[in-house]
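S.K.: sequence first, then the predicted structure:
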Amino acid sequence: MIYLFFATGTEEVEALATVDIIRRAGLPLQIVSITGQPIVTGAHGIRVQTDALIEDIDFSAASMLILPGGLPGATNLADHQLLNAEILKHAATGKPLAAICAAPLVYGRLGLLAGHRATCYPGFETELKGATYTGALVQQDGQFITGKGPAAVFEFGYAIVERLKDKATADALRQGMLWSEVV
């Protein structure tokens, strides 16, 4: 199961476009609230119905953890003790982790990005403790996929699909979603 974590103040487009792309690929994903409530308000006032509460999910079944950005969403994720503890356990298994926009700061603050290349929203580079900031739209290195911001969300989603499924599926989604007409 893929888990995408949603906090108060999460950037809705980064969360929901990522969910859409992954589900189009036929991969199992749940949107998980870290607020204790199933409906969470994002950074732009959009209320999102999540699939589960963090307290109720089985982290041992996680194939990937995904953190969307936005403020104060990313800092709310970074301040959540249970999430941080489970991220550290997940990272220790070598399974993939993804974050976009300001959210790579969570992995940076936990010391997980040290020695890796990563990207994030401009101005958050100092939060990527020990990482080499690339400024790329999407950066993959080791178990990490990081995205720069809202405009990166499609390539971020396709990179996750390619990592968890295959390149052919990611390319078919790009074509079917007319991404080639944009880039």
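M.R.: Happy to help now that I have it.
S.K.: now stretch 175-183, how far from the centre of its chain.
M.R.: 22 Å (C-alpha atoms, centre = their mean, to the nearest Å).
S.K.: any idea of the mean pLDDT in that stretch?
M.R.: Averaging pLDDT along stretch 175-183 gives 88.
S.K.: that one spans what distance, first to last residue?
M.R.: Distance across stretch 175-183, first residue to last, is 11 Å (C-alpha to C-alpha, to the nearest Å).
S.K.: how about that stretch: buried residues?
M.R.: Neighbour counts over stretch 175-183 (16 or more other C-beta atoms under 10 Å) mark M177, W179 as buried. C-beta: built from backbone N, CA, C; applies to glycine.
S.K.: please apply the same query to stretch 110-126.
M.R.: Neighbour-count burial for stretch 110-126 flags L110, L112, L113, H116, R117, A118, T119, C120, Y121, F124, E125 (criterion: 16+ other C-beta under 10 Å).
S.K.: that's a strand at the third one, yeah?
M.R.: No - the assignment for L113 by DSSP: H, G, I helix; E, B strand; the rest coil gives coil, which leaves it out of any strand.
S.K.: show me the contacts for it.
M.R.: If you count contacts by C-beta atoms under 8 Å, 6 or more residues apart in numbering, L113 has them with P104, Y107, L128, K129, G130, A131, F144.
S.K.: what's the most distant pair in those?
M.R.: Across those, the longest distance by C-beta to C-beta is 13.3 Å; it joins K129 and F144.
S.K.: quick one: which of the buried residues of stretch 110-126 is nearest to R174?
M.R.: The shortest approach to R174 among these belongs to T119, at 19.7 Å (C-beta to C-beta).
S.K.: what sits against T75?
M.R.: By C-beta under 8 Å, 6+ apart, T75 lies in contact with G9, A102, L105.
S.K.: in CSV: the residues you listed, plus neighbour count, distance to E86 and pLDDT.
M.R.: What follows is the contacts of T75, written out as CSV (neighbours: other C-beta atoms under 10 Å; distance: C-beta to C-beta, whole Å; pLDDT from 0 to 100):
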residue, neighbour count, distance to E86, pLDDT
G9, 20, 20, 98
A102, 26, 20, 98
L105, 25, 17, 98
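S.K.: TSV for these, including secondary structure and distance to D58?
M.R.: Formatted as TSV, the contacts of T75 follow (DSSP: H, G, I helix; E, B strand; the rest coil; distance: C-beta to C-beta, whole Å):
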residue	secondary structure	distance to D58
G9	coil	26
A102	coil	27
L105	helix	26
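S.K.: ok, of those, which one's closest to P150?
M.R.: Out of the contacts of T75, the member with the shortest distance to P150 (by C-beta to C-beta) is A102, at 10.9 Å.
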